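Colleague: Output the structure for:
(2 chains)
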Number of protein chains: 2
Amino acid sequence: MAEFIGKAVVAQGGGPTAVINQTLAGIVLRSKQCRQFSSLYGAIGGVRGIIEENFIDLASVSFGNLIAVANTPGAALKSTRDKPDGEYCRRIFDIFKKHDIRYFFYIGGNDSADTCRIINENANENNYDLRVYHVPKTIDNDLLVNDHTPGYGSAAKYVAQAFSGIDKDNESLGGVYIGVVMGRHAGFLTAASALAKKKEESAPHLVFLPEYSFNTEDFLEKISNIYSVSGRCVIAVSEGITDPSGCPVIASLSDKNKEYDSHGNVQLSGTGALGDMLSDLVKSKLGIKRVRSDTFGYLQRSFAGCVSPTDAKEARECGEMAVVFSSNVERDGSVTIVRTGEYEVEYELAPLAEIAGKTKLVPKEFYDPHRSMPTESFFRYARPLTGEMPICETLKARIIKVK
Amino acid sequence: MAEFIGKAVVAQGGGPTAVINQTLAGIVLRSKQCRQFSSLYGAIGGVRGIIEENFIDLASVSFGNLIAVANTPGAALKSTRDKPDGEYCRRIFDIFKKHDIRYFFYIGGNDSADTCRIINENANENNYDLRVYHVPKTIDNDLLVNDHTPGYGSAAKYVAQAFSGIDKDNESLGGVYIGVVMGRHAGFLTAASALAKKKEESAPHLVFLPEYSFNTEDFLEKISNIYSVSGRCVIAVSEGITDPSGCPVIASLSDKNKEYDSHGNVQLSGTGALGDMLSDLVKSKLGIKRVRSDTFGYLQRSFAGCVSPTDAKEARECGEMAVVFSSNVERDGSVTIVRTGEYEVEYELAPLAEIAGKTKLVPKEFYDPHRSMPTESFFRYARPLTGEMPICETLKARIIKVK
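Modeller: Residues are numbered from 1 along each chain as shown, chains lettered A, B, ... in the order given. Next up, the predicted model:
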């Protein structure tokens, strides 16, 4: 039984994923069992929805609709790119007081965790009894403390399946193919490009992560070596690769393409510029004619119909566990996923400050910069997260000897 | 029983699809029943593989491998972009004579059909008993006589599912999204972007086909009208859109991006240039800040794990029927799909010249240029081809009235 009954608000923040609505469904469904919420509001449009008092009654949602929404990509409560500062958080806190809101669940990444942390401090300073819970979500897989994050498994599955098909497409016609994958600082999703790779000859042949400075000569030399043997080369590149000075390659290669988002970061997604620049580089420096690039863009986080069952289940459970934690003694924190077996997880509550605003990078043992390829350790780590992959097979036949 | 026993060759041409190997499997499997082939060769690398006498023995492939390959995207026999002229076809014919090849099955689009036609003429002129069969394949769905073509249903399913997810992603954060879809002359695949659209407010909101000249003012005005109401707008654009003078927009907007493929056509795929240019246009002319574009590129034709069951079945049957036709009186032709019911198809053999080198465009009744949207007639036509789509649902909840 809950120790404390009060009104609750749920919001979704940052870029949506294929399973972020599973987490929402988990919160709503579990709240019907743990009865500490006098009402359960949804804020439309993340933290901005709170400030604008744009609320819906989540208890009024039918089960059928909720389950269908859980299986739908994108943020059902809508999201925001607003990154609240102290003043913004105070305004949120004022709305909470006005509506007598006592529980806040924010589904998001490390920025959202930071918002939770600040709002929580506000409440503590004002002796206002508010319980704040950050619930993890990010395709980048870059939250500290967590073994992995909801959203990553499905995006990784998409990227792995894409490269598995690209392998066969590229094998059909030859040439160089560059696939640009999301990930500003952390290369987990780009590393996932190799998850369905079967053998040395299969694509991707090279994988470049943002954790390692990108050296143009090394890039070209490695492509040249592979292409000269097989007449083809498939490369996965993170959108966030940086040159040796730490400047994003997308910005260093062309001034024209510098565009900044609302957080003051150079825009990386939603443009094919990096892929096109790297293609031009390969064409001009190596003289290879057939060079193609695709930027996976929003497809990798929103494609309807490519969800990892493990990811969907865990996203649901993260929402459920947030409600469970809030009905116990824990006053605030971030729900985290802890791997406890092969393959099994449990959920714990970590202090908000341990997650807030911090970025987990790909550990050294997951990547071999000399081969530009993820290691076996990474494959062992990531394979359980994506679930089964479609079988892609090469034709095996006797070669006809010609006289 | 076959009227005529001889050696057969199978080859795959042009851009691969998700189901082109189903057709190959259909030919191999059915050949075990119709016993008119003394041997069944596969040419590695399309027509180039024939000239280079690069053959494998398709009878040596195990059933297990064949079925796995049938479900794998990409051309298992590898493909080529070579577009044979008269001299090239004569060289093919010489190889056929050298190996005493009497049956030729070429799985491909209208260019491949044209190659079949020329080789067939060669054989007739030389009184060489050769039976030539074109077996249809193209994600563009642009072959005459056919109701639709193998490969289209799966690519259409990918594009529809992508826009279904993009709808929810864009709804989460607002702004303008432009998705660039394959199709140089025919807009069938771009029209498929609307196949999972549920209602007026769902994405895509605008669809631009290559059959209709692209007017920049009209494009911007329509986006502005939709964006001003809902704060968002999702647009599907064919890579092949042309300006009123008939010049591809990708070439007219920027000289830098003109690149030609081996057929002398401007390169459209494998670059994000068109999407980026249209994004820049919307940003600069309409002053909208959040504008993103994705170019679907090779993902739409090769993604492993997004196959229409109907498409897979029909691709298999086209291969089977090619073998059946070759065991009957028909000496040459192109296998075609005829729609005979709701939903049912049959296969016929059309004269090669009716398909060869010709392009079917989107019929007028399938598209409304005023609304920039496919019509109900198109939806009725295309929906049976893609099979079931994942459910994407919007949250339905009571709005909280704030005092």
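Colleague: The helix or strand where residue A:39 lies: what's the following helix or strand?
Modeller: Residue A:39 belongs to strand A:37-43 when assigned by DSSP states H and E. For strand A:37-43, the following helix or strand on the C-terminal side (DSSP H and E) is helix A:46-51.
Colleague: tell me what that next one is packed against?
Modeller: Counting contacts by 3 or more Cβ pairs under 8 Å, 6 or more residues apart in numbering or on different chains; DSSP states H and E, helix A:46-51 is packed against strand A:6-12, helix A:86-98. The way it works is simple: take the backbone N, C-alpha and C, and place the C-beta from them, glycine included.
Colleague: partners of the first one in the sheet?
Modeller: For strand A:6-12, the paired strands and their directions (DSSP bridges) read strand A:37-43 (parallel), strand A:101-108 (parallel).
Colleague: May I see these organised as CSV, with distance to residue A:399 and mean neighbour count added?
Modeller: Output for those, formatted as CSV (distance: least, Cβ to Cβ, whole Å; neighbours: other Cβ atoms under 10 Å in any protein chain shown):
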stretch, distance to residue A:399, mean neighbour count
strand A:37-43, 62, 23
strand A:101-108, 55, 27
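Colleague: Would you tell me which one of the helices and strands packed on helix A:46-51 is buried the most?
Modeller: By mean neighbour count, with neighbours taken as mean count of other Cβ atoms under 10 Å in any protein chain shown, strand A:6-12 ranks first of the helices and strands packed on helix A:46-51 at a mean of 24.
Colleague: Excluding its own residues, what touches that one? List them.
Modeller: Identification of contacts with strand A:6-12 by Cβ atoms under 8 Å, 6 or more residues apart in numbering or on different chains yields A:20, A:24, A:27-28, A:31, A:36-43, A:46-47, A:49-50, A:55, A:58, A:75-79, A:96, A:99-108, A:129, A:137, A:326, B:172.
Colleague: re the thing from before, so for residue B:226, which of the strands paired with strand A:6-12 sits nearest?
Modeller: Taking Cβ to Cβ, strand A:37-43 is the member of these nearest to residue B:226, at 25.5 Å.
Colleague: now that closest one against helix A:86-98, angle please.
Modeller: 140 degrees (axes from the mean of the first three to the mean of the last three Cα atoms, to 10 degrees).
Colleague: So for strand A:37-43, mean pLDDT?
Modeller: Here strand A:37-43 scores 97 as its mean pLDDT.
Colleague: quick one: buried residues of stretch A:209-227?
Modeller: A:209-212, A:214, A:218-219, A:222-224, A:226-227 (16 or more other Cβ atoms under 10 Å in any protein chain shown).
Colleague: What are the contacting residues of that stretch?
Modeller: Contacts for stretch A:209-227 (Cβ under 8 Å, 6+ apart): A:176, A:183-187, A:190-191, A:205-206, A:208, A:232-233, A:235, A:238-244, A:246, A:249, A:278, A:281-282, A:285-286, A:288, A:361-362, A:367, A:369, A:372.
Colleague: Write out the residues of the stretch 201-350 of chain A neighbouring chain B.
Modeller: Counting by Cβ under 8 Å from any Cβ of the partner chain, the positions of the stretch 201-350 of chain A adjacent to chain B are A:269-273, A:275-276, A:279, A:291-299, A:301-306.
Colleague: Hmm, I typed the wrong one, I wanted the stretch 51-200 of chain A.
Modeller: A:53, A:55-58, A:60-62, A:65-66, A:68-69, A:71-81, A:161-162, A:164-173, A:177, A:196.
Colleague: quick one: which of those residues sit in helices?
Modeller: Among those, DSSP state H puts A:65-66, A:68-69, A:161-162, A:164-173 in helices.
Colleague: and which of the residues you listed is nearest to chain B?
Modeller: residue A:168 (2.6 Å; Cβ to the nearest Cβ).
Colleague: wait, doesn't that closest one sit right on residue B:74?
Modeller: Yes. In this structure, residue A:168 is within contact of residue B:74 by Cβ atoms under 8 Å, at 2.6 Å.
Colleague: Need the residues touching each of the two.
Modeller: Common neighbours of residue A:168 and residue B:74 (Cβ under 8 Å, 6+ apart) are A:392, B:16, B:302.
Colleague: Going along the chain, name the helices of chain A.
Modeller: A:20-31, A:46-51, A:63-70, A:86-98, A:110-125, A:152-173, A:188-191, A:216-230, A:249-253, A:273-286, A:299-302, A:309-327, A:352-355, A:376-386.
Colleague: okay, those, which one's buried deepest?
Modeller: Buried most deeply of the helices of chain A, by mean count of other Cβ under 10 Å, is helix A:188-191, with a mean of 31.
Colleague: Can I get that helix as CSV, trimmed to CA atoms?
Modeller: What follows is helix A:188-191, C-alpha atoms only, in CSV (Å, rounded to 0.1, in the frame of the first residue of the first chain):
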residue,chain,number,x,y,z
PHE,A,188,26.6,2.1,-29.5
LEU,A,189,24.1,2.4,-32.3
THR,A,190,26.7,2.6,-35.0
ALA,A,191,28.4,-0.4,-33.5
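Colleague: contacts for that helix?
Modeller: A:139-142, A:152, A:155-156, A:159, A:181-183, A:207-210, A:236-238, A:300, A:362, A:366-367, A:374, A:378, A:382.
Colleague: and what of stretch A:341-349?
Modeller: So stretch A:341-349 is contacted by A:133, A:147, A:310, A:314, A:317-318, A:321, A:325, A:330, A:333-340, A:384 (Cβ under 8 Å, 6+ apart).
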